[in-house]
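Peer 1: next come a sequence and a model predicted from it.
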Amino acid sequence: MKKVVVWMALSLCSVMTIFAGKTAYLFSYFINDSKDGLHLAYSYDGLNWMPLNGGRSYLTPSVGKDKLMRDPSICQAPDGTFHMVWTSSWTDRIIGHASSRDLIHWSEQQAIPVMMHEPTAHNCWAPELFYDEPSQTYYIFWATTIPGRHKEIPTSESEKGLNHRIYYATTKDFRTFSKTKMFFNPDFSVIDAAIVKDPKLGDLIMIVKNENSNPPEKNLRVTRTKKVEKGFPTKVSAPITGKYWA
């Protein structure tokens, strides 16, 4: 799973809020083992960040085998509600969900059983949210290893058996969900997908991490599409973060 610093760089939330009359960027993150839950920070320039709430957690995790809150991803609905998903365990087949109107008071936490139909699924890592305005649909996507499902790749000893692909489910209300399907299936182990809309060209950019470990890649790549429902090309860009260890 990604390191905290990498996660912060990838998961800059598009949520905007107001501090002292200024527009500020907001992002969600975790610290240490993530068991204390959700942390928030803000920035006026996207470079210098200050933790909110004195650096204390806003929400303690209560779902999942390990009750973790890693990789929190927040998306704001058209009605102003904030929805958040997160990694609940190193080896779970569910992801966590909660919602809030103010980012301070949160709903009861929900375990979304995204991979419970796959009894050998190893994990559900780094879930992300993307709201597709044309279809008024939320896309939830994450990385999962299912042993033997894909062509084996050479791995380091510490990552033996891990071979991730990106899966997804959709929802309009976080009460009912589509069946889980494959979202991105390249010829390398892939994690940490994140989608943003290009404000100039209008298409969608997805950043993914090539997680191959032998020889090591561990770098970020880019792929683009016009419509999220058509998926993203598996032919990706050259690394944008140098050769190793993003």
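Peer 2: Done, it's in. These numbers were taken from a predicted model, which means no experiment stands behind them. Numbers count the residues shown, from 1 in each chain.
Peer 1: with just CA atoms, put stretch 200-214 into CSV.
Peer 2: C-alpha atoms of stretch 200-214 as CSV (Å, rounded to 0.1, in the frame of the first residue of the first chain):
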residue,chain,number,x,y,z
LYS,A,200,-8.9,23.1,-20.4
LEU,A,201,-9.5,20.0,-22.6
GLY,A,202,-12.5,18.7,-20.7
ASP,A,203,-11.4,15.1,-20.8
LEU,A,204,-10.5,12.9,-17.8
ILE,A,205,-7.0,12.2,-16.5
MET,A,206,-6.2,9.1,-14.5
ILE,A,207,-3.0,8.8,-12.6
VAL,A,208,-1.9,5.3,-11.7
LYS,A,209,1.1,3.7,-10.0
ASN,A,210,3.0,1.0,-11.7
GLU,A,211,3.6,-1.2,-8.7
ASN,A,212,5.9,-3.8,-10.3
SER,A,213,8.7,-4.6,-7.8
ASN,A,214,11.2,-6.8,-9.7
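Peer 1: mind listing what's buried in that stretch?
Peer 2: Taking 16 or more other C-beta atoms under 10 Å as the neighbour-count basis, stretch 200-214 is seen to contain the buried residues 204, 206-213. All C-beta spots, glycine's among them, are computed from the backbone N, C-alpha and C.
Peer 1: now, among the residues you listed, which is nearest to residue 26?
Peer 2: residue 207 (19.2 Å; C-beta to C-beta).
Peer 1: look at the closest one and report its pLDDT.
Peer 2: pLDDT, residue 207: 98.
Peer 1: want to throw the buried residues of stretch 200-214 into a markdown table with distance to residue 106 and secondary structure?
Peer 2: Below are those laid out as a markdown table (distance: C-beta to C-beta, whole Å; DSSP: H, G, I helix; E, B strand; the rest coil):
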| residue | distance to residue 106 | secondary structure |
| --- | --- | --- |
| 204 | 29 | strand |
| 206 | 28 | strand |
| 207 | 27 | strand |
| 208 | 29 | strand |
| 209 | 28 | strand |
| 210 | 34 | strand |
| 211 | 31 | coil |
| 212 | 37 | coil |
| 213 | 36 | strand |
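Peer 1: just say helix, strand or coil for residue 229.
Peer 2: Secondary structure assignment for residue 229 (DSSP: H, G, I helix; E, B strand; the rest coil): helix.
Peer 1: can you pull out the helices in the protein?
Peer 2: With DSSP state H as the criterion, the chain has helices at 4-10.
Peer 1: low-confidence ranges, it, go.
Peer 2: 1-21, 243-246 (pLDDT under 70).
Peer 1: now with 90, please.
Peer 2: The chain contains residues with pLDDT under 90 at 1-23, 151-152, 242-246.
Peer 1: pretty sure residue 223 is touching residue 231, no?
Peer 2: No - using C-beta atoms under 8 Å, residue 223 is not in contact with residue 231; the gap is 9.6 Å.
Peer 1: compare those two (neighbour count), which wins?
Peer 2: residue 223 (19 against 16; other C-beta atoms under 10 Å).
Peer 1: dump the residue contacts of that one.
Peer 2: 184, 205-206, 208, 232-237 (C-beta atoms under 8 Å, 6 or more residues apart in numbering).
Peer 1: can you show me the CA trace of stretch 65-73 as PDB?
Peer 2: Output of stretch 65-73 as PDB, limited to C-alpha atoms (Å, rounded to 0.1, in the frame of the first residue of the first chain):
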ATOM      1  CA  LYS A  65     -11.100  -6.400  10.300                       C
ATOM      2  CA  ASP A  66      -8.400  -4.100  11.400                       C
ATOM      3  CA  LYS A  67     -10.400  -0.900  11.900                       C
ATOM      4  CA  LEU A  68      -8.000   1.200   9.900                       C
ATOM      5  CA  MET A  69      -8.700   4.500   8.000                       C
ATOM      6  CA  ARG A  70      -6.000   4.600   5.400                       C
ATOM      7  CA  ASP A  71      -6.300   6.400   2.100                       C
ATOM      8  CA  PRO A  72      -9.400   8.500   2.900                       C
ATOM      9  CA  SER A  73     -10.900   9.900  -0.300                       C
END
